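**Q** Mind folding the following:
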Amino acid sequence: MSEEAITLKHLTVAYQSVPVLWDVSLGFKKGKMTAIIGPNGAGKSTLIKAMLQLIKPLTGEVAFSLNDHQMAPYKEVKQQVAYVPQNSSVDWDFPTTVLDVVTMGRYGRLGWFKRAKKADKEIAAQQLAKVGMQTFADRQISQLSGGQRQRVFLARALAQEADIYLLDEPLAGVDMKTERIIMNLLHELVAEGKTVIVVHHDLQTVEEYFDEVVFINRSLMAAGSVSSAFTDKNIEETYRTDQNVGERSAQP
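**A** Numbers count the residues shown, from 1 in each chain. I've put the predicted structure just below:
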């Protein structure tokens, strides 16, 4: 049985006293690629943010696995956890270059008030090359397309050299070439024993891309391996309040 990288117990989150997530207890398996899926407004992004302490839950606990197999809160393991936010949540007008953005992935190891060393910039450049963006290193991020921005933020996460990667809709609005680059890199991380958790919107590619799947619609609807849990019944029960259920696809 696979060890859990992250464990959630009775997690409830509300915005202005209105519950968005209700009593979610769940374990994310270490070394697996997991999709979080559900209809629009289901609380998928909220789940990720609560795990990262970007949103304070009303109740519940979130624990991450350390290298010695002990579980600890996020604040004790945050250097080991990388996060790629949604494109729409980033201020793309901030005046900085592509290489500077990727180098920010090293700050967790350096400390925010220390300068990046030559070795850190070399690591950042290597990650840019992995996502095919090395020729854009000196360009302002405001000049990039949506797909290019997503690649840059993935490179920043890779530069962090984390053990757990949380990505919120990394494939939304990208072209097929970018989608393939992103998914190939994520599969490489899993092959190295890393844990990858992705908020995902396209039900058509779940079986191709992922090992595990989590169905969310305000509460936990179902979870398990894709081979056992990704069933028509679980899809219908999760999306039955969503108008697009018949299309077998959903938005974040």
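**Q** so residue 71 touches residue 7, yeah?
**A** Yes. Assessed by C-beta atoms under 8 Å, residue 71 is found in contact with residue 7 at 6.3 Å. For every residue, glycine as well, the C-beta is placed using N, CA and C.
**Q** anything in contact with each of the two?
**A** 63, 65 (C-beta atoms under 8 Å, 6 or more residues apart in numbering).
**Q** By residue count, what's the longest helix in the protein?
**A** When the chain is scanned for its longest helix (criterion: DSSP state H), the result is helix 176-191.
**Q** which helices and strands does the next helix or strand after that helix pack with?
**A** Remark: after helix 176-191, the chain's next helix or strand is strand 195-199, criterion DSSP states H and E. Strand 195-199 sits against strand 4-15, strand 18-29, strand 33-37, helix 44-51, strand 164-168, helix 176-191, with contacts defined as 3 or more C-beta pairs under 8 Å, 6 or more residues apart in numbering; DSSP states H and E.
**Q** What strand or helix carries residue 152?
**A** Going by DSSP H and E, residue 152 is in helix 146-159.
**Q** In that helix, which residues are buried?
**A** 147-159 (16 or more other C-beta atoms under 10 Å).
**Q** Likewise for stretch 120-135?
**A** 120, 121, 123, 124, 125, 127, 128, 130, 131, 133.
**Q** Just to check, the third one is in contact with residue 159?
**A** Yes. Here residue 123 lies in contact with residue 159, judged by C-beta under 8 Å, at a distance of 5.6 Å.
**Q** Need the overlap of contacts for these two.
**A** Joint contacts of residue 123 and residue 159 (C-beta under 8 Å, 6+ apart) are residue 106.
**Q** which one of the buried residues of helix 146-159 sits closest to residue 25?
**A** Comparing those against residue 25 with C-beta to C-beta places residue 157 closest, at 26.9 Å.
**Q** Which residue is the nearest non-sequential neighbour of the closest one?
**A** Distance criterion C-beta to C-beta, 6 or more residues apart in numbering; nearest residue to residue 157, sequence neighbours excluded, is residue 82 at 3.9 Å.
**Q** Hmm, residue 162 and residue 79 touching each other?
**A** Yes. Here residue 79 lies in contact with residue 162, judged by C-beta under 8 Å, at a distance of 7.4 Å.
**Q** Compare the two (neighbour count), which wins?
**A** Applying other C-beta atoms under 10 Å to residue 79 and residue 162 shows that residue 162 carries more neighbours, namely 21 against 13.
**Q** Is the more buried one part of a helix or strand, or is it coil?
**A** In three-state terms, and counting by DSSP: H, G, I helix; E, B strand; the rest coil, residue 162 is coil.
**Q** name the element the nearest residue to it once chain neighbours are set aside belongs to?
**A** Spatially, and ignoring its direct neighbours in sequence, residue 162 is nearest to residue 82 (3.8 Å; C-beta to C-beta, 6+ apart). Element membership for residue 82 (DSSP H and E) is strand 81-84.
**Q** can you list contacts of that strand?
**A** 48, 52, 64, 74, 105, 150, 153-154, 156-158, 160, 162-168, 170.
**Q** Recalculate using a threshold of 10 Å.
**A** If you take C-beta atoms under 10 Å, 6 or more residues apart in numbering as the criterion, strand 81-84 is touched by 5-6, 48-49, 51-52, 54, 64, 74, 90, 105, 108, 150, 152-170, 182, 189, 194-196, 198-199.
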